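S.K.: I would like to see how this sequence folds:
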Amino acid sequence: MINRQLIRLKVIQLAYAHASNEVKSLEDAKKELEKSLSLAYDLYRYLLLLIPEITDLAVIYYNERVQQLQQLGSTESVSPKFIHNRLAAQLDSNVELSDFASQSKTHSWQEADDELQALYKAIVESEPYKAYMTSPEDSYEADRELWKVLYKMFICDNEGIDNVLEEWSIYWNDDKDIVDTFVLKTIRRMDPSQGTNQPLLPPYSSEEDREFAFQLYTSVLLHRAEYEDLIASATRNWDLARISPMDKVIMVTALAEILTFPSIPVRVSLSEYLNIAKRYSSLKSVPYINGILDALVNNQLKDRLTNKL
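M.R.: Numbers count the residues shown, from 1 in each chain. Presented below is the predicted three-dimensional model:
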């Protein structure tokens, strides 16, 4: 699950948090990065658990409505289709998620009742939900498609949920946009034949990505002063201290990647870090960052990047 896009973001987060040039021990740095990436994987599992959590809330409302109708002597029926959603049930019984939920004592969605109530209300009032409940189709594929649509509509970019996650971890709100894509990928890959043993995405996409994470962070820590000197040389009369800390960290990390990984094309690295700048810097900063990095790549660093340009 943890791919290079997320790794770049986590390295920038940590480098920004430790704004001084002081180099901590590499062993401590490795542990810090490992913990940060592990927390991102926890976020992935918490977001998957949100689906059965909403379903449990729906069961409560379903039972209350059935009991109310019985007391009134009404012949009106209530459809249990949503609470019997097969994808939600499969996630609820998933071995990996169940183990995580039972072992995780730090947070629980039950702490966020107001946000869950608001999310449930938005879902049951939505057109996709109403269409699903009235559709004659009754299949796993329809159940899976419903949650794919609901997740995109109501969990991605959900301010209430985002606020809860930010309270749980200061980094999760920044991570969520990327992790949401992994949750949706998992929903698309869910297979009824896998039952409770449906595999989740692994913590790392590959062992190479794990090594990439530690090499990148190590390069930032060991050579930060050198990279900042390079940035200063490309800014001409602009005082380095006047560059925002986030802009500086993004450029330092970009240079660390460009100079440390000969197999990654420069254009790929530049594109990745400019996309990060679009999210975490001002609009005015993006062309400025692009200009500095482009000048360094094509001038001061040209001889060192002969095989990459």
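S.K.: quick one, phi/psi of residue 299?
M.R.: When read as degrees, to the nearest 10, the backbone of residue 299 gives phi -130, psi -90.
S.K.: Do you know the pLDDT at the closest residue to residue 41 other than its chain neighbours?
M.R.: Once flanking residues are discounted, residue 41 sits nearest to residue 203: 5.0 Å by Cβ to Cβ, 6 or more residues apart in numbering. For glycine as for every other residue, the C-beta is placed from the backbone atoms N, C-alpha and C. For residue 203, the pLDDT comes out at 93.
S.K.: ok, residue 203 - contacts?
M.R.: 1, 2, 37, 38, 41 (Cβ atoms under 8 Å, 6 or more residues apart in numbering).
S.K.: Run a quick neighbour tally on the fourth one.
M.R.: I take that to be residue 38. Close neighbours of residue 38, defined as other Cβ atoms under 10 Å, add up to 12.
S.K.: which stretches of the stretch 1-150 of the chain aren't confidently modelled?
M.R.: 19-24 (pLDDT under 70).
S.K.: let's see it at 50
M.R.: For the stretch 1-150 of the chain, no stretch has pLDDT under 50.
S.K.: what ranges do the helices span in this structure?
M.R.: Per DSSP state H, the chain carries helices over the ranges 4-17, 26-72, 86-92, 95-103, 113-124, 127-134, 140-150, 159-168, 172-189, 207-234, 245-260, 266-280, 285-298.
S.K.: can you list contacts of the fourth one?
M.R.: Helix 95-103 is contacted from outside by 42, 45, 48, 49, 91, 196, 197, 199, 200, using Cβ under 8 Å, 6+ apart.
S.K.: and the residue nearest to the spatial centre of the chain, how far is that from residue 36?
M.R.: Among the residues of the chain, the one closest to the centroid is residue 179, at 2.3 Å (Cα atoms, centre = their mean). Separation of residue 179 from residue 36 (Cβ to Cβ, to the nearest Å): 13 Å.
S.K.: just residue 163 next, same as before
M.R.: Applying Cβ to Cβ to residue 163 and residue 36 gives a distance of 21 Å.
S.K.: thinking residue 13 is in contact with residue 174, fair?
M.R.: Yes: Residue 13 is within contact range of residue 174, at 6.6 Å (criterion: Cβ atoms under 8 Å).
S.K.: Now for residue 242: which residues touch it?
M.R.: Residue 242 neighbours (Cβ under 8 Å, 6+ apart): none.
S.K.: can we see that at 10 Å?
M.R.: Contacts for residue 242 were tallied using Cβ atoms under 10 Å, 6 or more residues apart in numbering; they are residue 235.
S.K.: pLDDT at it, what is it?
M.R.: 72.
S.K.: Got the phi and psi for the residue of the chain positioned farthest from its centre?
M.R.: Going by Cα atoms, centre = their mean, the residue of the chain most distant from its centre is residue 73, 48.5 Å out. Here is the backbone geometry of residue 73 (degrees, to the nearest 10): phi 70, psi 20.
S.K.: From residue 31, how far out is it?
M.R.: 64 Å.
S.K.: What of residue 215?
M.R.: Using Cβ to Cβ, residue 215 is found at 16 Å from residue 31.
S.K.: Then residue 38?
M.R.: 10 Å.
S.K.: now swap in residue 267 and tell me
M.R.: Going from residue 267 to residue 31 by Cβ to Cβ gives 33 Å.
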